[in-house]
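*Asks:* can you look at this prediction? I've put the sequence above it.
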Amino acid sequence: MQKTQKLGALADMAASNDSGARELKGFSGKFITCIALSWALFQLWYASPLPFILNIGIINDTQARVIHLAFAIFLAFTAFPAFKSSRKHSVPVLDWVFAFVGAGATLYLFWFYEQLSTRPGAPIPMDIYVAVIGMVLLLEATRRALGPPLMIVAGLFLIYIFAGPFMPEVISHRGASLSKAASHLWITTEGVFGIALGVSTSFVFLFVLFGALLEKAGAGNYFIKMAFALLGHMRGGPAKAAVLASGMTGLISGSSIANVVTTGTFTIPLMKRMGLPAHKAGAVEVASSCYGQIMPPIMGAAAFLMVEYVGIPYVEVIKHAFIPAIAAYLTFLYIMHLEALKANLQGIARTEPPAPWKVRLLRSGITISSLIILAGVVYFALDFIKGNTGDAAVWLISVGTLLAYIFLVSHSAKYPDLEIDDPNCTTPVLPKLGPTVKSGLHFLLPVVILVWCLMVEKLSPGLSAFYATAFMIFILLSQRPLFSFFRGQKAGLSEIKEGVRDLLVGLETGARNMIGIGVATAAAGVVVGAVTLTGLGPVMTELVEVMSGGSLGLMLVLIAVISLILGMGLPTTANYIVVSSLMAPVVISLGAQHGLIVPLIAVHLFVFYFGIMADITPPVGLAAFAASAISKADPIKTGVQAFKYAMLTAVLPFMFIFNTDIILVGIDSIWQMMFIFMYTLVAMCLFASAVQGYFVTRSKRYESVLLILVAFSLVRPDFWQDLIKPKFTDHPGSEIAQVVETLEGDEPLRLVLGYETYKGESKQRVVMLDLPQADTAQQRLDDAGLMLMQNDKGQTVVDMVGFASNAQKAGIDFDQQILAVQQVNTRFAKEWIFIPALMLAGFVFWRQRRRADTETELDIEPVNA
C-alpha cells in the first residue's frame, strides 16, 4: 500500500510539473480532454501532407503559431491552478474567463489576419488593447506552467523596453511607445510569434507527441529492461544501467523529471541496495536523465531551435552534436565504473553462468555484422524500388514496412510481456538479454523510420516526426490484437478498445506535455523581441567585453555562469533562447577580435549544453527533488552531487569552442570522424579519472595533474604547436594579391580588419572571405565584392563592398583597414602531440598498476576518494 502511494505521489509530481496539477472529472475534465485531443489532431493535420493533397485547411506558418499558442494558453489556465492552495478538482470561473480571453486575444491575429497585414507598424487602438491583454495573460500562463522565473525575466525585459532612457548609460536606449512595443511583440513575428514559437509549432510538438505514444505503447519499460540486461551484471551494474536506460528513454521523454520518475523508481533503490549512498544513487539518475536531452537523433526542444537560429538542416545539428553527446554519455558510464571501484560495488547476480568470452565475442560479431548487412540490403533495396517503380514506390515501401512490423510482432509474441519491476524487491533478478531484446523489437521500427526519414531521405524534422507518429498510432491500435493472434488467443473487441484507449491517452499526454514548452517559447520570444527592438545586442557585446577584460576564456566562463543562474528557474528551452539571443553574437564578435573564428553552431551547442542543467542546478532543481523523494536523501545534497557529475562532462563545450574538430566542423571523412571520437573519449575519461581521483587505484595529486595535462593535450594539441610555431604568418594588406595566388582550391582568405566603433575606439577583428574561382587573384577579389585602395598613409583600406557579395556576407565594410593578410604556416601534424601525451598517461597507468598490485599483495583496501 505504501509503495503504491509512493509511486502515485511521484507520478503526480511529474504530471503536475509537465501536464498540469489539476485532476478534473465530469464535464470539465472531458471538455479539457477534448481540447487537448483537438490540439494534437490539429498538429498532426498541420504537419501532414494531407492539406496540400486534399487542398483543404491550408494555413501558413504564422496562422499555425497563433492557433498553437491559443491551445497552450487555454490549457495552461485550465490545467494549472493559480496557487498551490487553489482547488485542484475544479476550475474556478475566473480561470475559465482567463482561458477564453487569453485564447481569444491570441486568435485575434488569426481572425483578423488579412486586416492586420494591411497596416504593418500602424496598429489601431483595438490591436493595442488585445496585445496588452494577451501579453499579461501570457505571462500569467507562464507563471502557472513554469513558475515565476521566466515570467520575471520576460517582465524585466518589458520594463527595459519602456525605461530605456532612465537606464545606466552603458545599457540605455531611446525607449519605445506602447503602440510600438505592442505591435513589435504581439502583432509581428519579431516577438511572441517569432522563430521560437514557430519551432515549437512545426517540430517540437510532433516529437513530444511521438515520445508520449511510444511510452504509452510500452517502450519505456522495454528500454529499462534492455539496459539492465546489458549492464546489470557488471560492477556497479545498476548505476551503469540507470545511465544507459535514461539515455534510451531520453529518446522518448522530453522531460528530465518524468525520466527520473520512470526509471528512478526501480534504479535508485537498486543502486542503494548494491551499496551506493542514497544521495549518490539519486544524483546518478538526475544527471543521466538530464543528459538524455542531448542524445541524437531526438534531442531536446532547444535542438530544433538551432535549425532556425543557426540556419542549417536538422541533420547537420545531429552531425555536430553526435561526438560530444556519445562521448559525454560514455564518460558518465566510466564515472560510474570508477564509483563502483571506489565503493567496491557489485552487480546483479546472474541467474545462469555466462557463455565463454570467445562465444560471446563471436555472437556479438555475428549480431553486429548481421545488422550492418541488413541495413545495407534495406538501403539498396529501397533505392532500387524508388528508382524503378515511380509513383508506386510509396505503396510498395508502405507494404514492406507493414510486413516488417507484422514479422517483428510475431517474433516478439514468442516471448512473455516484460513486467514492470518492483522497486522494493530485495532479490532483483537480472533479465536475460536475448529474450528481453526480442520481446519488443517492434518498438524500434518507428525509431528507425524517424531516423531514416531524417538522415537518409533528408525530410524536414516535422514531416519525419509525422510519419513516425502516424506509424506509432498504427502500432497502438494493432499491437494488442496481433499479440493475441500470434499467441493463439482469441482477439476480441476488448483488445481493440484498449488500443484506442491507449491512443487517446497518448494523444492527450503529448498535448499536455507541450503546455509548458508552448508558453515558454512564446514568453522567451518577449526577450528576443526586446533585444531586436532596443538594439541590446551590440550593448551586450561591449558590456561582456568589459566584464571579461577582453578574455575569450573568461567570457565563456561568464556565459556558462549566466546559463547556470538562469537554469535555477528557467526550463532548458527558455534558457537556451534567452542566453543564445544575448550571448551568441557576443562570443562570435569577441572571438573574431582575438583571432578566433568561432562557428555559430559551436556557440549554440555551448549554450545548449549548459542550458540542459536547468533541472540539476541547486537549490531549485526539480529533478533532484523527484529523485530524493525516491532515495529518501536530502534533495540539496542530491542536487549538488548531480551537479558535480554533470559538470565533469560540461568541460566538453569549452573543448569544442577551441577545437571545432570535435563537433565535426569541416570534417567529412568517416575515418577521421572515428579518430576524433576516440581521442575525445580518451581525453574525457582521463579528465574524469583526474577529477574523481581514481584511475587504476587511488590517485596521488601529481598523477591527477598529469592526467589533466594529458587530456588537455589530446583536445588542444594546437596549443603546444602555437608555442613552437604560430599558425599564421602576417603579410601587409598591400600583399593581398600575392597571398590569394597561394590559396588552394576553396581555401578562404583570412583578413585582419581594423575599424572604429561609434564611440571612436579602435578595434580589430578577423574575417574569413570565400573567393570565387577566377583566372587572376584580382578577379577573384572583384568577384567576391571586395574593392581596395591605398590611402595617403600607404594603408590598404576597403574602398567599396559589393551588395549581397561574399565580402558583405563576411561583415566587411567600406573604410575598414586591412591590417594584415594571414597565411597558414607549414607545421608538423598536431597528432604528433598525442604520442608524448599518451606516453605520459601510460606512465601514470604503470605507476598505479604497480601500486595496486602491492596493495593487493598486502591485502590493503584502497581508500575511498
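*Replies:* In hand now; what should we look at? This is a predicted model, so every value here is computed, not measured. Residues are numbered from 1 along each chain as shown.
*Asks:* how about the helices in the stretch 251-400 of the chain?
*Replies:* 256-273, 278-291, 301-306, 314-343, 357-388, 393-412 (DSSP state H, counting those that start in this stretch).
*Asks:* tabulate those helices in TSV, adding columns for mean neighbour count, mean pLDDT and distance to Tyr645.
*Replies:* No exception for glycine: its C-beta is placed from N, CA and C like everyone else's. Formatted as TSV, those follow (neighbours: other Cβ atoms under 10 Å; pLDDT from 0 to 100; distance: least, Cβ to Cβ, whole Å):
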stretch	mean neighbour count	mean pLDDT	distance to Tyr645
helix 256-273	27	73	13
helix 278-291	30	81	4
helix 301-306	27	74	21
helix 314-343	22	85	7
helix 357-388	11	78	29
helix 393-412	15	89	35
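*Asks:* so which of these comes closest to Val531?
*Replies:* helix 301-306 (15.1 Å; Cβ to Cβ).
*Asks:* element containing Leu771?
*Replies:* Leu771 belongs to no helix or strand when elements are defined using DSSP states H and E.
*Asks:* state the distance from the nearest residue to it once chain neighbours are set aside to Gln822.
*Replies:* Closest residue to Leu771 apart from its sequence neighbours, by Cβ to Cβ, 6 or more residues apart in numbering: Arg780 at 4.4 Å. Between Arg780 and Gln822 the computed distance is 17 Å (Cβ to Cβ, to the nearest Å).
*Asks:* equivalent analysis for His337, please.
*Replies:* From His337 across to Gln822, the span is 45 Å (Cβ to Cβ).
*Asks:* tell me how far whatever helix or strand the residue nearest to Leu771 lives in lies from the chain's centre.
*Replies:* Per DSSP H and E: Arg780 is located in helix 777-783. Chain-centre distance of helix 777-783: 42 Å, with Cα atoms, centre = their mean, to the nearest Å.
*Asks:* tell me the helices and strands packed up against that helix.
*Replies:* Other helices and strands packing on helix 777-783, by 3 or more Cβ pairs under 8 Å, 6 or more residues apart in numbering; DSSP states H and E, are helix 736-742.
*Asks:* just the buried positions in the helix it packs on, please.
*Replies:* Neighbour-count burial for helix 736-742 flags Ile736, Val739, Val740 (criterion: 16 or more other Cβ atoms under 10 Å).
*Asks:* that older thread, and the helix holding Arg780, what's its mean pLDDT?
*Replies:* Averaged over helix 777-783, pLDDT sits at 88.
*Asks:* can you list contacts of it?
*Replies:* Ile736, Ala737, Gln738, Val740, Glu741, Leu771, Pro772, Gln773, Ala774, Met787, Leu788 (Cβ atoms under 8 Å, 6 or more residues apart in numbering).
*Asks:* contacting residues around the residue nearest to the first one when sequence neighbours are not counted?
*Replies:* In other words, Ile736. Leaving out its chain neighbours, the residue that sits closest to Ile736 by Cβ to Cβ, 6+ apart is Val821, at 4.9 Å. The contact partners of Val821, taken as Cβ under 8 Å, 6+ apart, are Asp730, His731, Pro732, Gly733, Glu735, Ile736, Val739, Leu749, Arg750, Leu751, Val752.
*Asks:* before we move on, back to that, closest to Ala278 out of the buried residues of helix 736-742?
*Replies:* Closest approach between those and Ala278, by Cβ to Cβ: Val739, at 63.5 Å.
*Asks:* many thanks, we can stop here.
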